[in-house]
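[1] The following block contains a protein sequence and its predicted model.
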Amino acid sequence: MPTWNNDSPIYRQLAGHLAGQLLEGDPPEGEAMPSVRTLASQYVINPLTVTRALQSLVDEGLVESRRGLGMYVQPGARRRLLQAERSRFLNEEWPQLVAKLRRLGIKPEDLNWEAQ
């Protein structure tokens, strides 16, 4: 269960958490998302907050709302999330990581990739 912080609204944090689960294939594409009530109970948050989080996933084209049936994971959602995460990592996180490695004097040969 995520730990909520004050850095951003809870619905955004929940949407990020749910997107992370989608990236891992849970639930699989074409399958139903857990209901608003189930998610609200699971994360001990207001159902309106859950609804806003799910709506943000709809807005991103990751989930679709089927009237009377619930929310379903869109085909290609995992691929789109993976592309977005890779892009964000390469454009935002990687340059910061490279700069920190240089500041610390860490060279590529100092890194132990085999331990991963």
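    Arrived safely, thanks for sending. Numbers count the residues shown, from 1 in each chain.
[2] any residues touching the strand or helix carrying Arg52, and which ones?
    Assigned by DSSP states H and E, Arg52 falls within helix 47-59. Helix 47-59 has contacts (C-beta atoms under 8 Å, 6 or more residues apart in numbering) with 10-12, 14-15, 18-19, 22, 33, 36-37, 39-40, 43, 63-65, 71. C-beta coordinates here come from the backbone N, C-alpha and C atoms, glycine included.
[3] Other residues contacting stretch 26-36?
    18, 21, 39, 42, 47, 50-51, 54, 63, 69-78.
[4] check contacts around Thr38.
    Contacts of Thr38 (C-beta under 8 Å, 6+ apart): none.
[5] so it sits in a helix?
    Yes: Thr38 sits within a helix when classified using DSSP: H, G, I helix; E, B strand; the rest coil.
[6] Could you measure from it over to Gly30?
    Taking C-beta to C-beta, to the nearest Å as the measure, Thr38 falls 19 Å from Gly30.
[7] Residue ranges in the protein under the pLDDT threshold?
    Within the chain, the segments meeting pLDDT under 70 span 115-116.
[8] all helices of it, in order?
    10-23, 36-43, 47-59, 77-88, 94-104 (DSSP state H).
[9] Send me the third one as CSV with only the CA atoms.
    Once side chains and other backbone atoms are set aside, the C-alpha atoms of helix 47-59 remain, and they are given as CSV (Å, rounded to 0.1, in the frame of the first residue of the first chain):
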residue,chain,number,x,y,z
PRO,A,47,-14.4,7.1,-3.2
LEU,A,48,-14.4,10.5,-4.9
THR,A,49,-10.6,10.5,-4.7
VAL,A,50,-10.5,7.1,-6.4
THR,A,51,-12.9,8.3,-9.1
ARG,A,52,-10.6,11.3,-9.9
ALA,A,53,-7.6,8.9,-10.1
LEU,A,54,-9.4,6.6,-12.4
GLN,A,55,-10.6,9.5,-14.5
SER,A,56,-7.0,10.7,-14.9
LEU,A,57,-6.2,7.2,-16.3
VAL,A,58,-9.1,7.5,-18.7
ASP,A,59,-7.8,11.0,-19.7
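[10] Perfect, I'm done here.
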